[in-house]
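Participant: Got a sequence here, can you model it:
(chains A, B, C and D)
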There are 2 protein chains.
Amino acid sequence: MEDASIQSVPYPTIKRYPAYLQVLKELKVTGITTVSARDIAERLGLNQVQVRKDLGYSAIIGRPKVGYDIEQLTSALHQLLGWQDPKEAFLIGAGALGSALLGYRGFQEYGLDIVAAFDLDPSKHNTAIHGKRVFPMERVPELAKRMGVLIAVLTVPESAAQKCADLLIEAGIRGIWSFSPCKIEVPDNVVVQREELSSGLAVLSVRLSEMLKHENNGPKAPA
Amino acid sequence: MEDASIQSVPYPTIKRYPAYLQVLKELKVTGITTVSARDIAERLGLNQVQVRKDLGYSAIIGRPKVGYDIEQLTSALHQLLGWQDPKEAFLIGAGALGSALLGYRGFQEYGLDIVAAFDLDPSKHNTAIHGKRVFPMERVPELAKRMGVLIAVLTVPESAAQKCADLLIEAGIRGIWSFSPCKIEVPDNVVVQREELSSGLAVLSVRLSEMLKHENNGPKAPA
DNA sequence: TTATGTGAACTAATTCACAGCG
DNA sequence: CGCTGTGAATTAGTTCACATAA
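Facilitator: Okay, the predicted model is just below:
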């Protein structure tokens, strides 16, 4: 079965891969060439069996007593993620968050190369932010087609999100990484990944509240 | 059992709460006062039973044929998240991402009020970014204690993350929302929530690759 | 009939336990 | 032994199916 790859890798696993790559990168600069699943697990606070299972979705095999070859493993994970060669992307919405993302070099490592920014606000047009030029929104279709760009990072206010998305879709964009806290309607052949910054904050809030509550109740309560 | 609240709400549920609040806020401005689970579910692309189960962790009860009272539900969710009154927080690392977060008003809604920024770079000291003053890192302990700040948003480079975290812990910070892609060691009484921007991108990459692959294979492959 | 609420069934993910290899 | 790899057991989360209330 050649196409066992139809979403055979579970999403929780995929979400952990970037962290694995991060660890591999760190180890590599120290000159180490192999790593054990346990080592990765400890550095990330995960279960070692989980790491082995996750790595098992790649073609590479680890050697007992030695571990995994860092070089091989890195490229295997890059391949599973489709990060072999960076994909060009547009950034839509050069506000505070958008500007920050334009200045973030790390995306290169994540297979993403933001090549241009777009904004509705004319005062931003033809300026450059972190070395990336800002174009008027209307030019998305033309430039997307010319450059063959398929991915957009959407950092516009909620109120503009759907309108911008519609324009992106018309321009042939197939993947939208959205930082706007709202649902975006797209046809079946377009993928939207919604980044929920607030989810992480919600978890932090709850964990912190619980910890503080226990400190107050703990001493009094039995056991 | 009064303390059934010891992490009785599953994390996946907690992560969805901010999205629910977002929907409730949108509905509220239109003047509507009640909402059904199905309506929420549709707006977010979720299953309606899941929404009901999630809301079931709160004390409020919905009325058949009517739904949930938006006002009540909002405050119940705020309470479950510990977002009743905004918590003051420090931002550590006034680089590109840090500056963006300083400019993001939305955190107020998420129970977070960033009151000051800190940076190692002296050239940034005593400047203001989006109206928030930037202090030298050394002043964290003094100001945290004076203001009773317990939460920090960490947006420093990987290389500085642990060092900054150590200083924060010494200053009495109990919750760290970290955007640095690395593990941070903290004592048991401190909570670290790691925000993995790359996870979302990983999922987008894979979903997009699969979609494009199917388009190429699809027409040829059987069924 | 249109909604909530919930036990039961199912599906997914994690962890355990152990076999196998160098 | 120290490590990988994996079937089996467990736990967690989601969805189904249905009872109930206005």
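Participant: Identify the single longest strand in chain A, thanks.
Facilitator: Once chain A is assigned using DSSP state E, the strand that runs over the most residues is strand A:112-119.
Participant: So what are the sheet partners of that strand and their directions?
Facilitator: Partners of strand A:112-119 in the sheet, by DSSP bridges, are strand A:87-92 (parallel), strand A:132-136 (parallel).
Participant: Which one, of those strands, ends up nearest to DNA strand D?
Facilitator: Closest of the strands paired with strand A:112-119 to DNA strand D is strand A:87-92, at 28.7 Å (criterion: C-beta to the nearest atom of the strand). Using the backbone N, CA and C atoms, a C-beta is placed for each residue, glycine as well.
Participant: What residues sit buried inside the closest one?
Facilitator: Within strand A:87-92, the residues that count as buried by 16 or more other C-beta atoms under 10 Å in any protein chain shown are A:87, A:89-92.
Participant: Break chain A down into its domains, please.
Facilitator: A:2-81, A:87-198 (automatic domain parsing).
Participant: does chain B sit close to the first one?
Facilitator: Just to be clear, that refers to domain A:2-81. Yes. Between domain A:2-81 and chain B, judged by C-beta under 8 Å from any C-beta of the partner chain, the touching residues are A:3, A:6-7, A:9, A:11, A:14-19, A:22, A:26, A:43-45, A:80-81.
Participant: what's the angle between the longest helix along chain A and strand B:112-119?
Facilitator: Longest helix in chain A, counting residues (DSSP state H): helix A:197-217. Angle of helix A:197-217 versus strand B:112-119, following axes from the mean of the first three to the mean of the last three C-alpha atoms, to 10 degrees, is 100 degrees.
Participant: what's helix A:197-217 packed up against?
Facilitator: helix B:11-29, helix B:70-81, strand B:175-178, strand B:191-194 (3 or more C-beta pairs under 8 Å, 6 or more residues apart in numbering or on different chains; DSSP states H and E).
Participant: Between the ones you listed, which one is closest to DNA strand D.
Facilitator: With C-beta to the nearest atom of the strand as the criterion, DNA strand D lies closest to helix B:11-29 of those, at 3.9 Å.
Participant: That closest one near DNA strand C at all?
Facilitator: No. Residues of helix B:11-29 are not located near DNA strand C by C-beta under 7 Å from any atom of the strand, the shortest gap being 10.0 Å.
Participant: what residues does that helix touch?
Facilitator: With C-beta atoms under 8 Å, 6 or more residues apart in numbering or on different chains as the test, helix B:11-29 has contacts from A:181-182, A:196, A:198-199, A:201-203, A:206, B:35, B:40, B:43-44, B:46, B:51, B:53-55, B:57, B:70-71, B:73-74, B:77-78, B:80-81, B:109-110.
Participant: Low-confidence stretches in chain A?
Facilitator: Along chain A, segments meeting pLDDT under 70 span A:1-7, A:218-223.
Participant: rewinding a little: minimum distance to residue A:115: which of the strands paired with strand A:112-119 has it?
Facilitator: strand A:87-92 (4.9 Å; C-beta to C-beta).
Participant: ok, and what's touching that closest one?
Facilitator: A:98, A:101-102, A:111-119, A:132, A:137, A:140, A:143-144, A:147-156, A:164, A:168, A:173, A:177, B:205.
Participant: Could you write me a ChimeraX select line covering just the buried ones among those?
Facilitator: Buried residues within the contacts of strand A:87-92, by 16+ other C-beta under 10 Å, are selected in ChimeraX with:
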select /A:98,101,102,111,112,114,115,116,117,118,119,132,137,140,144,149,150,151,152,153,154,155,156,164,168,173,177 /B:205
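Participant: Out of the buried residues of strand A:87-92, which is nearest to residue A:189?
Facilitator: Looking across the buried residues of strand A:87-92 and measuring by C-beta to C-beta, the closest to residue A:189 is residue A:87, at 16.9 Å.
Participant: ok, the closest one to residue B:202 distance?
Facilitator: The spacing between residue A:87 and residue B:202, counted by C-beta to C-beta, to the nearest Å, is 13 Å.
Participant: which residues are in contact with both of those two?
Facilitator: Here residue A:87 and residue B:202 share no contacting residue, scored by C-beta under 8 Å, 6+ apart.
Participant: The domains of chain A into CSV, with extra columns for distance to DNA strand D?
Facilitator: Converted to CSV, the domains of chain A look like this (distance: least, C-beta to the nearest atom of the strand, whole Å):
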stretch, distance to DNA strand D
domain A:2-81, 3
domain A:87-198, 13
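Participant: Packed most tightly, which of the ones you listed would that be?
Facilitator: Each of these was scored by mean neighbour count; the highest is domain A:87-198, a mean of 18, by mean count of other C-beta atoms under 10 Å in any protein chain shown.
Participant: Quick check: which element contains the residue nearest in space to the middle of chain A?
Facilitator: For chain A, the residue nearest the mean C-alpha position is residue A:110 (7.0 Å; C-alpha atoms, centre = their mean). Under DSSP states H and E, no helix or strand contains residue A:110.
Participant: residues contacting it?
Facilitator: A:18, A:83, B:198, B:201-202.
Participant: Between all of those, which two are separated the most?
Facilitator: A:83 and B:198, at 10.0 Å, using C-beta to C-beta across the contacts of residue A:110.
Participant: ok, residues contacting the longest helix of chain A?
Facilitator: Helix A:197-217 has contacts (C-beta under 8 Å, 6+ apart) with A:179, A:181, B:3, B:6-7, B:9, B:11, B:14-19, B:80-83, B:87, B:106-107, B:110-112, B:150-151, B:174-175, B:177, B:189, B:191, B:193-195.
Participant: Now do that helix and helix B:70-81, the angle between them.
Facilitator: 60 degrees.
Participant: Name the residues of helix A:197-217 that come out as buried.
Facilitator: Going by neighbour count (16+ other C-beta under 10 Å), the buried part of helix A:197-217 is A:197-212.
Participant: what about the nearest residue to residue A:8 once chain neighbours are set aside, distance to DNA strand C?
Facilitator: The shortest distance from residue A:8 to any non-neighbouring residue, by C-beta to C-beta, 6 or more residues apart in numbering or on different chains, is to residue A:57 (6.8 Å). Noted for residue A:57: a distance of 11 Å to DNA strand C, by C-beta to the nearest atom of the strand, to the nearest Å.
Participant: OK, contacts around residue A:57?
Facilitator: By C-beta under 8 Å, 6+ apart, the contact set of residue A:57 is A:8-9, A:13, A:80.
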